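Enquirer: here is a sequence together with a model predicted from it:
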Amino acid sequence: MLNISNNQLHKTVSLMGYKSCKHIFNKDYYKQFNKFLIVFAIIGVIVMFLPWTQNISGQGQVTTLKPDQRPQTIQSQIPGRIEQWYVQEGDYVKKGDTILRISEIKSDYFDDRLVERTGDQIKAKSSSVVAYGGKIEALNRQISALREEQKLKLEQARNKLLQAQLKVKSDSIDFEATQTNLSIAQIQFDRAVTLQKEGLKAVKDVEEKRLKLQETQAKNISQENKLLTSKNELINYKVELSRINAEYADKISKSQSDMYSAQSGQFDASAQVTKLENSYTNYQRRNSLLYVTAPQNGYINKAILGGIGETFKEGDRLVGIMPAQIDLAVETYIKPIDLPLIHIGEKVRVQFDGWPAIVFSGWPNVSYGTYGAQVVAIENFISDNGKYRILLAPDTSDHDWPEAIRVGSGARTIALLNDVPIWFELWRQLNSFPPNYYKPMSNDQLSKK
């Protein structure tokens, strides 16, 4: 029975004489089943050599291609209190439409005429700046007048000084002349005395010469006194010249000090005007923030804060809005080991949740219910889930995506790689090897192919 021995028992002993053997070996369906197994094995071998497209599967969700088209929430830049709603959930709003009105909760902004009063302060401070400017101009004119007067006074003093110098020179010449006359008179007197002793001159002539000598001495003394007076006047005019310089320097310095004080006041007033203008602009801008408006065309999704009288802080989310015009896309995640196989422009098949599909991941041509996409962006840093995020856009050369899909719905993605035999793919899967390194062909290579 076990064919252990070399003696073939079935050739020497006939089993057909037994009823059980007749019942078993004469059935036709066993022969049919054997033929079926042989055909199935042949078909299985042939299938093993059929092409299989390697792929990378991933789970993702529908999103938008551009960041400004994604669902967003509207926040308030200032804290406030809800006063009135102008929309309901599901309403369509245009850019700039008022969504709700809020009121201030800070005591610094309770005044309804805060902007108007700030404008009045700006006008008052601006007038102060103008007044300071007028004072500075007046002081500049005063300084110019003082400098002109100083110039004239100095010129007058210099003229007097020059006159005194000339007078001193004239008196010096006269003094030298009187000294010469005194010397001559002294010589004549001495000669007359000598001649009178010798009897050649009369006493009368000697007395005349004596009188003339005394007159000449008196003139000399008078002229010397006059010279000293002229020198004293020259010194006085020099002192006057220095006094004029000091006096007008003091007046000009005082006027300049007043001018600099006025300029400092003007700069301070200008700084206050600038500060008030900044506050005025901020108050105007803050008043405009009391009406929360739609940033773009879209639909109101959900009122996060509801009711009337509810307060909130700056930056708190008030309402969600979904843009009206969007370009759909799919974001999916791949493992780090598969990242080198994905490139920009790579073809990807997408299956959306809720749309019936028959998917053969290795035979994309025979799949039904999948839509074409291509890679437009690959994240350069790993995500929190330990995978890399890629963004897919619709493939313009394939069927259009369904219009009824919404942002946030699920999607399954299949990135197509190289074509390999099925036996190779089974061998790779059994050994947990990654797909073959894949690099898309360039345009030149595609045109040659």
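Expert: Perfect, thanks for sending it. Residues are numbered from 1 along each chain as shown.
Enquirer: got the residue ranges for the helices in the stretch 101-250 of the chain?
Expert: Ranges of helices within the stretch 101-250 of the chain are 114-197, 203-288, based on DSSP state H, counting those that start in this stretch.
Enquirer: out of the ones you listed, nearest to residue 57?
Expert: For residue 57, the closest of these is helix 203-288, at 50.9 Å, according to C-beta to C-beta. For every residue, glycine as well, the C-beta is placed using N, CA and C.
Enquirer: and after the closest one, which helix or strand comes next?
Expert: strand 291-293 (DSSP states H and E).
Enquirer: please list the residues outside that next one that contact it.
Expert: 74, 76, 96, 97, 98, 99, 100, 101, 102, 318, 319 (C-beta atoms under 8 Å, 6 or more residues apart in numbering).
Enquirer: kindly recompute the last result at 7 Å.
Expert: 74, 76, 96, 97, 98, 99, 100, 101, 102, 318 (C-beta atoms under 7 Å, 6 or more residues apart in numbering).
Enquirer: out of the helices of the stretch 101-250 of the chain, which comes closest to residue 342?
Expert: Nearest of the helices of the stretch 101-250 of the chain (C-beta to C-beta): helix 203-288, 46.4 Å.
Enquirer: kindly calculate the angle that that closest one makes with helix 114-197.
Expert: 170 degrees (axes from the mean of the first three to the mean of the last three C-alpha atoms, to 10 degrees).
Enquirer: list the helices and strands helix 203-288 packs on?
Expert: Counting contacts by 3 or more C-beta pairs under 7 Å, 6 or more residues apart in numbering; DSSP states H and E, helix 203-288 packs against helix 114-197.
Enquirer: any idea how far the helix it packs on is from the middle of the chain?
Expert: 62 Å (C-alpha atoms, centre = their mean, to the nearest Å).
Enquirer: how is this structure carved up into domains?
Expert: Structural domains assigned to the chain are 1-48, 52-69+326-448, 72-104+290-323, 114-288, following automatic domain parsing.
Enquirer: save those domains as a markdown table, and put in mean neighbour count too.
Expert: Shown next, in a markdown table, are the domains of the chain (neighbours: other C-beta atoms under 10 Å):
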| stretch | mean neighbour count |
| --- | --- |
| domain 1-48 | 9 |
| domain 52-69+326-448 | 15 |
| domain 72-104+290-323 | 15 |
| domain 114-288 | 15 |
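Enquirer: what residue ranges in the stretch 301-449 of the chain score low on pLDDT?
Expert: For the stretch 301-449 of the chain, the stretches flagged by pLDDT under 70 are 356-369, 416-422, 424-425, 429, 431-449.
Enquirer: what about the helices in it?
Expert: Counting by DSSP H, counting those that start in this stretch, the helices of the stretch 301-449 of the chain are 422-431, 443-448.
Enquirer: can you tell which of the helices of the stretch 101-250 of the chain is closest to residue 66?
Expert: Nearest of the helices of the stretch 101-250 of the chain (C-beta to C-beta): helix 203-288, 27.5 Å.
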